[in-house]
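Q: I would like the atomic coordinates for the input below:
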Amino acid sequence: MCSNYRPVTRADRLLTFFGVERARDEPPVDVFPLGLAPIIRLASDGSGHKRCDDGVFGLLPHFATELAFGRRTYNARAETVATLASFKHAWAAGQRCIVPAECFFEPDWSSGRAVRWAIEQPGQVPMAIAGLWRSWRAPDGRELLTFAMITVNADGHPVMGRFHRPGEEKRMVALLAEADYGAWLGGSIEEAARLLRPWPHPLHATPAPLPPRAPRGGSTRSLWSAEDGAAGPD
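A: Got it, this is the predicted structure:
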């Protein structure tokens, strides 16, 4: 599972690696559940073009009554994404997205306590994490775009096998190859399901302890300020 990652927020990197434009250009900041970060999805006009919007990390289903529900729904297991109430409607509707990430973080327990490590691709190439999105109406009437990352079993993975507590199932976010972006965003449910598998390509992992007083309940960007530009539904 992944509860903390560093999104791709620089406009030049989003355009170069994902082919999308973003109005703002800002340095990346580590994001935690309920934080704001860019996601990539298809435009609703049927053009097949990709668009980049800011969403809340933590998918909020229709029955969620408060934003805090997203602290439990930032990851969706591939094995149950089609059946769990929180995710099944977005999955059935094909509301899939790409979560662009510079790296994601996991806890290493080899020292007997949790130490945050960063996992990234070689050469500082950003990663495309498979995700789901859904719009949600907040109590104040505002429409928010929300999202979750999809995770897969990673038992035996050469890198991910070292993370999480001893004896726990090893899991990782589902990563997408560039050649599969189209199938993930616009393909059938069956095509998308086949893309949910452990990443077979190299990953690098290095210690990245949390700095003192680092935020744990969300990104440092305010969810409610107008300049955040949290997008509503298409």
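
Q: distance between the helix or strand harbouring Glu102 and the chain's centre?
A: For Glu102, the host element (DSSP states H and E) is strand 96-108. Its chain's average C-alpha position is 6 Å from that of strand 96-108, according to CA atoms, centre = their mean, to the nearest Å.

Q: what's the distance between the closest residue in space to Arg10 that isn't next to it in sequence and Arg165?
A: The shortest distance from Arg10 to any non-neighbouring residue, by CB to CB, 6 or more residues apart in numbering, is to Asp25 (6.0 Å). C-betas here are computed from N, CA, C, even on glycine. Look at Asp25 and Arg165: by CB to CB, to the nearest Å, they are 39 Å apart.

Q: ditto for Gly46
A: 46 Å.

Q: could you do Gly123 as well?
A: 31 Å.

Q: spell out the secondary structure type for the residue nearest to Arg10.
A: Per DSSP: H, G, I helix; E, B strand; the rest coil, the secondary structure class of Asp25 is coil.

Q: show me where the protein has strands.
A: 5-7, 36-42, 50-57, 75-77, 96-108, 115-120, 127-137, 143-153, 171-173, 204-207 (DSSP state E).

Q: the ones you listed: which one's closest to Asp30?
A: strand 5-7 (5.3 Å; CB to CB).

Q: list the contacts of that closest one.
A: Strand 5-7 has contacts (CB atoms under 8 Å, 6 or more residues apart in numbering) with 28-31, 37-38, 99-105, 118, 129, 149.

Q: returning to what we had before: neighbour count: Asp25 and Arg165, which is higher?
A: Asp25 (11 against 8; other CB atoms under 10 Å).

Q: can I assume the more buried one is in contact with Arg13?
A: No: applying CB atoms under 8 Å, one finds Asp25 not in contact with Arg13, separated by 9.6 Å.

Q: show me the contacts for Gly161.
A: Neighbours of Gly161 in contact, by CB under 8 Å, 6+ apart: 154-155, 170.

Q: what subset of those is buried?
A: Neighbour-count burial (16 or more other CB atoms under 10 Å) is assigned, among the contacts of Gly161, to 154, 170.

Q: let me know the closest of the contacts of Gly161 to Ser110.
A: Lys170 (13.6 Å).

Q: where does pLDDT dip in this protein?
A: 1, 213-234 (pLDDT under 70).

Q: switch to 50 and redo it
A: Scanning the chain for pLDDT under 50 picks out 217-234.

Q: what's the longest helix in the chain?
A: Longest helix in the chain, counting residues (DSSP state H): helix 11-18.

Q: which residues are in contact with that helix?
A: 8, 20-25, 38, 40, 50, 52, 98, 100, 125-126, 128, 181.

Q: buried residues in it, which are they?
A: Judged by neighbour count (16+ other CB under 10 Å), helix 11-18 contains these buried residues: 11, 13-14, 18.

Q: then stretch 125-141?
A: Quick answer for stretch 125-141 (16+ other CB under 10 Å): 126-136, 138.

Q: returning to what we had before: which one of the contacts of Gly161 sits closest to Ala193?
A: Ala154 (17.3 Å).

Q: what about that closest one, distance to Arg51?
A: 30 Å.

Q: burial count for Asp45?
A: With other CB under 10 Å as criterion, Asp45 counts 9.

Q: and it, how far from Arg51?
A: Using CB to CB, which is the criterion applied here, Asp45 is 10 Å from Arg51.

Q: which two of the buried residues of helix 11-18 have the greatest separation?
A: So, the buried residues of helix 11-18 by CB to CB: farthest apart are Ala11 and Phe18, at 10.8 Å.

Q: nearest to Ala90 among the contacts of Gly161?
A: Scanning the contacts of Gly161 for proximity to Ala90, where the rule is CB to CB, the winner is Ala154, at 23.1 Å.

Q: that's all I had, so thanks and see you.
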